[in-house]
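Novice: with the input below, show me the fold.
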Amino acid sequence: MHEIEIASKPELQITDGQQGLGDVQVLVGEEVFRQLAEVDFLAAWERLYGACPWGTVFQGPAFVSTWYGVYCQKRLPILVKAEQEGQLTGLLALYKEAGSSTITGAGANEAAYHTWLTTAPDGGTFIRAALAKLMLRFPRHEVLFKHIPPPTPLQWVEEDPQWKPRCVLQACSRPLMDLKSPDMRSHFQKKSSRARINKLKKLGDMRFERITDKEAFAAVLDELNDQFDFRKGGMLNITPFRSEPLRKELQLALFDQGLLYVTVLRVNGEVVASNIDTIGRNDWVFGVGINTHAPAYGKYSPGIVSFLLLGQQLSEEGVAVYDLTTGGHAYKERLVNTHDQVYELRVGSRPARLASGVKDAVLEPVKRRLQQQGIVPHELKLKLNKKRERLRAAKSAGLGGLLEALVDKLSARAALQVYYIGQTAAVLPDVEVKQNSLSDMLCFDQQGGLLTRWDFLEEAEERLQAGERAFTWVEAGELLCCGWLPATGRQAGLSLPAGAVLLEGLYCHRRGRHRLRAFLEAVARQVAAPLYVVSSKKSLSRRLHEAGFAQVAGFEIRKQENVLHP
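Specialist: Residues are numbered from 1 along each chain as shown. Coordinates of the predicted model:
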């Protein structure tokens with residue numbers, strides 16, 4: 001990132017006293033927490049928040065002070081305040097990561113919008129003074145606001161000759177459910193909407209409920225976060241809650257503040273979808289938090305059904321707007337009935353503005369050319385990242401792992417081998433096997449193997465959506481074994497002996513190989529049916545032999561026919 005030396009530029013003027021702002025101060029770290037401990041200051045902040053026409057809940061004292069409190073050990077809080085004659089006239093809440101040269105709005109990604117508060121529209125007087133003071137305190141830093149809601153005053157960005165060379169402003173489309181509009185109410189009653197809901201109802205007892213009790217929220221929260229991480233892991237190779245446990249602490253703290261609107265959709269008591277949203281002022285609810293669905297129900301579109309039912313419920317409760325926030329997701333466009341614009345603002349040095357312009361001038365034609373050829377830049381980036389991840393896995397596997405993978409690839413052309421596991425074998429007490437546990441699958445550890453977590457979770461989601469059942473064994477936080485059963489007792493058209501089931505897609509971590517037999521016997525007991533395991537890899541066949549299982553004599557699966565023959 002480009003580093004700047006704002007303090008050395010004398011043309012950056014601070015004119016707060018001349019503009020009726022009073023005293024503008026920058027508070028950092030412990031100074032912020034001492035200020036937050038003052039009851040009078042919090043009351044003044046609440047009044048300012050209530051008076052500012054563009055402020056959102058993410059600039060309110062309840063949200064910001066809660067977020068600062070949760071992340072106090074990891075992120076440096078920054079407050080810029082203006083006071084005149086004992087009155088708070090302006091406030092800007094920010095933070096900075098250790099070692100980062102970017103300062104951004106408090107709340108980070110947990111806040112849908114970043115902006116500042118003033119007592120009245122001031123043409124940007126406060127924010128210009130605040131940024132000038134901030135850059136004197138933090139030279140060589142960039143300030144990022146993502147995203148700024150309307151009607152925040154932004155004319156100064158283009159009109160002020162002092163700030164125009166330092167700012168990069170980009171507009172973004174914001175999808176909204178205008179719940180007061182008749183067309184939105186009719187959208188809920190559309191034939192396609194009713195069909196989605198009825199399809200899910202046919203599975204059993206369907207219930208949509210809002211959670212308002214803290215204990216009930218805490219009881220279901222881990223499951224919701226696992227659903228969220230599982231989906232993100234397969235799509236983007238990220239697991240936000242496992243990577244940052246403080247996110248859960250923040251969820252609970254915000255719930256305590258009465259800022260979260262939590263709903264779950266259940267079928268026969270099982271959570272199939274959920275939404276954790278943020279309650280704003282002026283009858284506005286923000287779809288920032290998480291929305292999830294159980295992948296085993298993916299073909300029933302439970303996430304869309306949950307959104308539809310949520311929109312109906314919010315409308316009945318008098319909420320004016322359900323803000324689905326930016327992101328460009330296709331499902332949002334199917335749900336909303338209007339859009340407006342929000343803005344991303346970067347404030348830095350003159351060279352940074354020039355560099356950004358050059359970057360856009362180079363990249364935009366490339367993006368347009370790709371789109372003309374039917375290539376979506378975002379999807380291309382994901383494919384390249386996935387290939388890099390596979391390359392990293394190959395490097396970590398070493399020569400032995402690569403040779404094993406090569407032999408497996410060559411052997412996959414031959415007939416698949418079948419191993420009989422049994423039905424009532426004893427189960428070692430220290431092997432706990434679970435079914436369809438997203439939490440277990442999220443414990444996948446790719447270290448030392450060629451299979452990446454990204455590929456594993458992506459395939460796992462596809463299998464669950466197809467109705468397959470996962471059997472998993474986790475120990476010490478690592479997924480040691482995983483195998484898959486089809487929903488109907490048949491896999492890809494394979495004919496099995498009467499009453500038998502076939503386990504396929506068997507994964508075994510190197511630290512679980514010596515107890516593979518215990519895992520498979522545990523699975524056999526759970527399915528309570530004759531269990532066969534299919535192997536298409538020499539390495540897996542070898543481990544099954546080492547575990548004491550012999551290939552079933554006279555049985556093979558011919559790939560051309562996909563039939564199990566005696």
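
Novice: please make it C-alpha for all contacts and neighbour counts, starting now.
Specialist: Noted.

Novice: in this structure residue 454 contacts residue 388, no?
Specialist: No: the pair residue 454 / residue 388 is not scored as a contact, 11.2 Å apart, by Cα atoms under 8 Å.

Novice: between the two, which is the more surrounded one?
Specialist: Higher neighbour count among residue 454 and residue 388: residue 454, with 21 against 12, using other Cα atoms under 10 Å.

Novice: separation between that one and residue 444?
Specialist: 10 Å (Cα to Cα, to the nearest Å).

Novice: before we move on, what about residue 189?
Specialist: Remark: distance between residue 189 and residue 444 (Cα to Cα) = 42 Å.

Novice: please apply the same query to residue 211.
Specialist: 31 Å.

Novice: can you give me the domain boundaries for the protein?
Specialist: As assigned by automatic domain parsing, the chain contains the domains 6-175+343-352, 182-336, 398-565.

Novice: tell me which of residue 189 and residue 444 has more neighbours.
Specialist: A side-by-side neighbour count of residue 189 and residue 444, using other Cα under 10 Å, places residue 444 first with 22 against 13.

Novice: now do the same for the more buried one: helix, strand or coil?
Specialist: coil (DSSP: H, G, I helix; E, B strand; the rest coil).

Novice: from residue 512, how far off is the residue lying closest to it once chain neighbours are set aside?
Specialist: If you skip the residues right next to it in sequence, residue 444 has residue 479 as its closest partner in space, 4.9 Å away by Cα to Cα, 6 or more residues apart in numbering. To residue 512, residue 479 is 9 Å away according to Cα to Cα.

Novice: for those two, indicate the residue with more neighbours.
Specialist: A count of neighbours by other Cα under 10 Å puts residue 479 above the other of residue 479 and residue 512, at 23 against 19.

Novice: in what helix or strand does that one lie?
Specialist: Using DSSP states H and E, residue 479 sits within strand 478-485.

Novice: what about residue 130, distance to residue 89?
Specialist: 12 Å.

Novice: who touches both of those two?
Specialist: residue 81 (Cα atoms under 8 Å, 6 or more residues apart in numbering).

Novice: so where's the protein uncertain?
Specialist: Counting by pLDDT under 70, the chain has low-confidence residues at 1-20, 349-368, 370-378, 397, 399-415, 423-429, 448, 488-496, 553-566.

Novice: surely residue 146 is in a helix?
Specialist: No: applying three-state DSSP, one finds residue 146 to be strand, outside a helix.

Novice: the residue nearest to residue 444 and residue 243: what is the separation?
Specialist: Counting by Cα to Cα, the separation of residue 479 from residue 243 is 17 Å.

Novice: with residue 151 instead?
Specialist: 35 Å.

Novice: same question, residue 539
Specialist: For residue 539, the distance to residue 243 - Cα to Cα - is 32 Å.

Novice: how close does residue 451 get to residue 236?
Specialist: Relative to residue 236, residue 451 is positioned 16 Å away (Cα to Cα).

Novice: circling back to that earlier point, the more surrounded of residue 539 and residue 243?
Specialist: Set side by side, residue 539 and residue 243 show more neighbours around residue 539, with 15 against 10, by other Cα under 10 Å.

Novice: and that one, what element?
Specialist: Element membership of residue 539 [criterion: DSSP H and E] is helix 538-546.

Novice: before we move on, what about residue 103?
Specialist: Counting by DSSP H and E, residue 103 is part of strand 102-105.

Novice: give the partner strands of that strand in its sheet and their orientations.
Specialist: strand 87-97 (antiparallel), strand 142-148 (parallel) (DSSP bridges).

Novice: need those in a markdown table with distance to residue 522 and mean neighbour count, can you?
Specialist: Below are those laid out as a markdown table (distance: least, Cα to Cα, whole Å; neighbours: other Cα atoms under 10 Å):
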| stretch | distance to residue 522 | mean neighbour count |
| --- | --- | --- |
| strand 87-97 | 47 | 22 |
| strand 142-148 | 50 | 22 |
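
Novice: dump those strands to a markdown table, plus distance to residue 524.
Specialist: Formatted as a markdown table, the strands paired with strand 102-105 follow (distance: least, Cα to Cα, whole Å):
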| stretch | distance to residue 524 |
| --- | --- |
| strand 87-97 | 50 |
| strand 142-148 | 52 |
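
Novice: of these, which is nearest residue 25?
Specialist: Between residue 25 and those, the tightest spacing by Cα to Cα is seen for strand 87-97, at 9.7 Å.

Novice: which strands or helices does the strand holding residue 479 pack on?
Specialist: Other elements packing on strand 478-485 under the criterion 3 or more Cα pairs under 8 Å, 6 or more residues apart in numbering; DSSP states H and E are helix 438-441, strand 469-475, strand 501-508.

Novice: these: which one's closest to residue 416?
Specialist: Per Cα to Cα, nearest to residue 416 of these: strand 501-508, 10.9 Å.

Novice: that closest one pairs with which strands?
Specialist: strand 478-485 (antiparallel), strand 531-535 (parallel).

Novice: of all those, which lies closest to residue 140?
Specialist: strand 478-485 (42.5 Å).

Novice: outside of that closest one, which residues touch it?
Specialist: 440-445, 468-474, 491, 501-512, 516, 519.

Novice: list buried residues within the residues you listed.
Specialist: Buried residues within the contacts of strand 478-485, counting neighbours by 16 or more other Cα atoms under 10 Å: 440-445, 468-474, 491, 501-509, 512, 516, 519.

Novice: okay, strands next: where are they in the stretch 51-200 of the chain?
Specialist: Using DSSP state E, counting those that start in this stretch, the strands of the stretch 51-200 of the chain run over residues 75-84, 87-97, 102-105, 117-118, 142-148, 167-178.

Novice: now render these as TSV, adding distance to residue 28.
Specialist: Formatted as TSV, the strands of the stretch 51-200 of the chain follow (distance: least, Cα to Cα, whole Å):
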stretch	distance to residue 28
strand 75-84	5
strand 87-97	9
strand 102-105	12
strand 117-118	18
strand 142-148	15
strand 167-178	24
